[in-house]
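A.B. asks: My questions are about this predicted structure, shown below with the sequence.
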Amino acid sequence: MLSRSTNLCEVRIVIAPDSFTGTLTAAQAALAIKTGWEKTTKADFFLAPMSDGGPGFIDAIEFGFGGNKSHHQITGLEGTTITAPILVVGKTAYIESHLIVGPQFITKQPRTPDKYTSKGIGELINIAVQQGCQTIFVGVGGTASIDGGAGILETVEKEKLGDVELVAATDVDVLLLGNRGAAKGFGEQKGASKELIEELEKKHEQLAQSTPKRKDNKDASQMLGAGAGGGIGFALMALGANRVSGLELVTESFDLANEITNSDLVITGEGKLDWQTLRGKVITGVAEIANESAISCLALCGQVIAGKRELAAAGIVGAYGCIEEGEDLPEDPFMALVFLAERVSRTWSQ
C-alpha cells in the first residue's frame, strides 16, 4: 500500500503526473518532482502516479492498491514469446495492454500493423481465470496492434469465463468502425498505409459481423470504446466486458479527490504539454479535481507548447518545461525534472 508521511508540515502537496513517454514512468516523474521540490520546501508530499489505462496502468494501480505481481511467458505483438505481468489484488487481476502489444515491441521495419496480434492479452486473461480471479481489468491504451482484438477472441477460453467479470479500462470512446474507429481513426499513426487502412476496416467489418452478440443482445462493435487499442476494446466487450474510465479507476485507487481537497498545491505533468494533451484525460482530469476544491494546479513537463489561454482554460495556473521547443532531450531526464522542480519551487514557495 501507499506509504505516507506523518510529519506535521504547514504545506501539503499532491504530485500526480502522467508518464513522460519514452523517458520516465509516472512513478519516476512523481519522485523526480518530489526530490526537486523538497530541496527548497518543507512539505508533506502525497505521490499519485497517474494513468488513463495506457502506459503505467499497472504501476499506478500497484502504487495505490498494492497487490502481487507475477510475470508470464506469452505471445507478443509480433508473434514471438515475451514476458508480461499480471497484478493481482485480492481476487482482482489487472492487465496492461501496453506491456503486451505496445510499440516498444516492434523490431522490424517497415511496420506491419496488419500482422500484429493481440493474442497475448487473451493468454493473460486465461491465466488470470486459472488463478481464480473473479474480476479482470484490462488497461487499453498505448498499443501498436490493430487486429480488431481478433487475437483475444481466438485465444480466450470463453467456456471458462463463467461469472468472471471483465472490465475494459480506457478513456478512448470511439467505435470499432467508421472514420474515428480503430482502423480509419488510428491506422495511420500505427504505420498503416491508406490502402492497408481500407483493408483493415473491411476485416474489422467482417469480424464484427461474425462475432455473436453479447448476452445482453448488444452489438459490441457499436459500444463506446470498442475502437480503443486497435479493437482490443471490441474484443473485451464482445466477451461481456463493461467499460470504465481508466483515469477514474486510478484516481479512485488513490482516493485522489479527497487527498487534493486536503492539500495546498497540486502538481501534475507529462512529457509534452500541447493542445492534444489538453484534449486528453490525465493532466486535465487532475486539474479538474484540483479546481473543484479551489486548489492551484501546476504542470511540470518535459516540454510546454500549449499557450497560456489553453492552459488557463484547462485549469492550470502555471506550466513549466525542462526544454524549449526544438531542443534535444536531456541526457538524464530524471535529473532534468529534478532541477526544474527545484527551480519552480523557489517561486511557488515564497
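C.D. replies: Received the coordinates, thanks.
A.B. asks: can you tell me how far V156 sits from Q130?
C.D. replies: Distance, V156 to Q130, using C-beta to C-beta, to the nearest Å: 12 Å. Yep, even glycine has a C-beta here, placed from its N, CA and C like the rest.
A.B. asks: Check A287 too.
C.D. replies: A287 is 41 Å from Q130, by C-beta to C-beta.
A.B. asks: Give me the residue ranges of the protein where confidence is low.
C.D. replies: Residues of the chain meeting the criterion pLDDT under 70: 1-9, 276, 280, 350.
A.B. asks: which residues of it fall in strands?
C.D. replies: 12-15, 44-47, 68-75, 81-89, 92-96, 135-139, 165-169, 242-244, 265-268, 272-273, 297-304, 318-323 (DSSP state E).
A.B. asks: got the buried residues for the longest one?
C.D. replies: Residues of strand 81-89 classed as buried: 82, 84-89 (neighbour count, 16 or more other C-beta atoms under 10 Å).
A.B. asks: and if you look at stretch 89-99?
C.D. replies: Judged by neighbour count using 16+ other C-beta under 10 Å, the buried positions of stretch 89-99 are 89, 92-99.
A.B. asks: Also stretch 262-276?
C.D. replies: Within stretch 262-276, the residues that count as buried by 16+ other C-beta under 10 Å are 263, 265-274.
A.B. asks: wouldn't G233 be in contact with R243 here?
C.D. replies: Yes: using C-beta atoms under 8 Å, G233 makes contact with R243 at a distance of 7.0 Å.
A.B. asks: one step back: looking at the buried residues of strand 81-89, which is nearest L166?
C.D. replies: L166 lies nearest to I86 out of the buried residues of strand 81-89, by C-beta to C-beta, at 13.9 Å.
A.B. asks: what separates E195 from E188, distance-wise?
C.D. replies: Look at E195 and E188: by C-beta to C-beta, they are 12 Å apart.
A.B. asks: Then A84?
C.D. replies: Distance of A84 to E188, given as C-beta to C-beta: 27 Å.
A.B. asks: what's E154 in contact with, if anything?
C.D. replies: Residues in contact with E154 (C-beta atoms under 8 Å, 6 or more residues apart in numbering) are 119, 122.
A.B. asks: again, 7 Å this time
C.D. replies: E154 makes contact with K119, according to C-beta atoms under 7 Å, 6 or more residues apart in numbering.
A.B. asks: Throw the strands of the chain into TSV and include distance to G22, thanks.
C.D. replies: Formatted as TSV, those follow (distance: least, C-beta to C-beta, whole Å):
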stretch	distance to G22
strand 12-15	21
strand 44-47	21
strand 68-75	22
strand 81-89	19
strand 92-96	16
strand 135-139	18
strand 165-169	22
strand 242-244	27
strand 265-268	18
strand 272-273	10
strand 297-304	9
strand 318-323	14
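A.B. asks: Which among the ones you listed is found nearest to A150?
C.D. replies: That would be strand 68-75 among those, by C-beta to C-beta, at 12.9 Å.
A.B. asks: Strand 81-89 and the closest one, what's the angle between them?
C.D. replies: For strand 68-75 against strand 81-89, the angle by axes from the mean of the first three to the mean of the last three C-alpha atoms, to 10 degrees is 150 degrees.
A.B. asks: can you start the count at 58 instead of 1 from here on
C.D. replies: Got it, first residue is 58 now, which makes that one strand 125-132.
A.B. asks: Strand 125-132 to strand 149-153, inter-axis angle?
C.D. replies: Using the same axes, to 10 degrees: strand 125-132 against strand 149-153 is 50 degrees.
A.B. asks: Looks like F194 contacts E153 (just checking).
C.D. replies: No: counting by C-beta atoms under 7 Å, E153 is not a contact partner of F194; they are 9.5 Å apart.
A.B. asks: any idea how far the spatially closest residue to H261 that is not a sequence neighbour is from T78?
C.D. replies: Excluding the flanking residues, the one nearest H261 by C-beta to C-beta, 6 or more residues apart in numbering is G205, at 4.4 Å. The gap separating G205 from T78 is 25 Å, by C-beta to C-beta.
A.B. asks: can you check I143 too?
C.D. replies: Remark: distance between I143 and T78 (C-beta to C-beta) = 24 Å.
A.B. asks: With A370 instead?
C.D. replies: 23 Å.
A.B. asks: Break the protein down into its structural domains.
C.D. replies: The chain breaks down into these domains under automatic domain parsing: 69-107+313-405, 114-301.
A.B. asks: Quick check: K247 touching P170?
C.D. replies: Yes: K247 is within contact range of P170, at 4.8 Å (criterion: C-beta under 7 Å).
A.B. asks: residues near K270, how many?
C.D. replies: The number of residues packed near K270 is 11, by other C-beta atoms under 10 Å.
A.B. asks: Same check on I70?
C.D. replies: 23.
A.B. asks: give the contact list for it.
C.D. replies: 94, 100, 102, 320-322, 324.
A.B. asks: separation between it and L253?
C.D. replies: Distance from I70 to L253, by C-beta to C-beta: 48 Å.
A.B. asks: try K338
C.D. replies: The value you get for K338 to L253, if C-beta to C-beta is used, is 29 Å.
A.B. asks: More neighbours: these two, which one.
C.D. replies: Higher neighbour count among K338 and L253: K338, with 23 against 18, using other C-beta under 10 Å.
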